[in-house]
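Q: Fold the following for me, if possible:
(4 chains)
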Protein chains: 2
Amino acid sequence: MAHRRALIKGSIDSLLLSLIGQKPMYGYQIIKELEQQSQGYFRLREGTLYPALHRMEEAGLISGGWQLLPSGQQRKYYHITEKGLLKLAEKRSQWQDYLVAMNLVIQPANA
Amino acid sequence: MAHRRALIKGSIDSLLLSLIGQKPMYGYQIIKELEQQSQGYFRLREGTLYPALHRMEEAGLISGGWQLLPSGQQRKYYHITEKGLLKLAEKRSQWQDYLVAMNLVIQPANA
DNA sequence: TTACAGTACCTAGACATACTATGTATCAAT
DNA sequence: ATTGATACATAGTATGTCTAGGTACTGTAA
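A: Sure thing, here's the model as predicted:
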């Protein structure tokens, strides 16, 4: 497995909650924002994003609603829920714990 | 999925290479060392460790050899290979890149 | 002496989840 | 008229960790 694919496992929810927590976003926008904010590192495919959004909506972490553009285009905007905010705080805390544990073992300072 | 299980995905190889790179180790010892060095965070199950070791040995990153203890016990000691050392350096570099990208997006400083 | 906990290895099958590939449709630009 | 970008979606695949189970030896305590 390519390293980005492997490491991203388990992080997608945190990334998506962080982004949607900034402001309501629609799927395609999330892909672009994620790539931009990570300076090109994260490049989600639609096939990765949309199932993740549906899973998170079903879990009550985000909530989506359709909006019709003047052009006739449909966009599904997602905003974060109360439950999602709690989950986001939890995820950030877990991320810190994980960081500490990883650094204790892989000792990048000695590398 | 429990958060540790999720985040650990893609990190196991880095952790194992780091540990075996410190000194040759056998499987059971790796579980104990990993738990100790991470201050209790990482608790690998045998069912997670051994397949990972076999996979990495097949990939030429580590090499294992049996040793017979005076007690009659068998232990399989693994040491890191040249290829494994290169992979370890690569993994450390990738880990740094991933860290930077994650922090750019999840902005724990603002949390 | 037997029962249990610890050491030490292993595999099979289940499960989660990110991947590739593909599909639909609209719009703007060439 | 065709391409590329926008915008959503699903089906099936691949990967890797998990749970659960198995074997076998050692030392200790009841």
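Q: Tell me the residues of chain A that contact chain B?
A: By C-beta under 8 Å from any C-beta of the partner chain, the residues of chain A that approach chain B are A:1, A:3-11, A:14-15, A:18-19, A:34, A:37-39, A:41-42, A:89, A:91-92, A:94-102, A:104-108, A:111. The C-beta positions use only the backbone N, C-alpha and C, and glycine is treated the same way.
Q: Please spell out the ChimeraX selection for the buried subset of these.
A: Taking 16 or more other C-beta atoms under 10 Å in any protein chain shown as the burial criterion, the selection of buried members of these in ChimeraX is written as:
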select /A:3,6,7,8,10,11,14,15,18,19,34,37,38,41,42,91,92,94,95,98,101,102,105,106
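Q: which residues does the residue nearest in space to the middle of chain A contact?
A: Nearest residue to the geometric centre of chain A (C-alpha atoms, centre = their mean): A:Leu16, 1.8 Å. Applying C-beta atoms under 8 Å, 6 or more residues apart in numbering or on different chains, one finds that A:Leu16 lies in contact with A:30, A:49, A:52-53, A:56, A:62.
Q: that older thread, go through the residues of chain A next to chain B and flag which are in strands.
A: The strands in this structure, assigned by DSSP state E, contain none of the residues of chain A next to chain B.
Q: for chain A, what spans make up the helices?
A: Under the criterion DSSP state H, chain A carries helices at the ranges A:3-8, A:12-22, A:27-37, A:46-58, A:82-106.
Q: Quick one: closest of those helices to A:Leu69.
A: helix A:27-37 (12.3 Å; C-beta to C-beta).
Q: ok so, going back, dump the contacts of A:Leu16 into TSV; add pLDDT and neighbour count as well.
A: What follows is the contacts of A:Leu16, written out as TSV (pLDDT from 0 to 100; neighbours: other C-beta atoms under 10 Å in any protein chain shown):
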residue	pLDDT	neighbour count
A:Ile30	96	20
A:Leu49	95	17
A:Ala52	94	17
A:Leu53	95	22
A:Met56	94	23
A:Ile62	95	25
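Q: Among the residues you listed, which one sits closest to B:Gln67?
A: Proximity to B:Gln67 was ranked across the contacts of A:Leu16 by C-beta to C-beta; first place goes to A:Ala52, at 46.1 Å.
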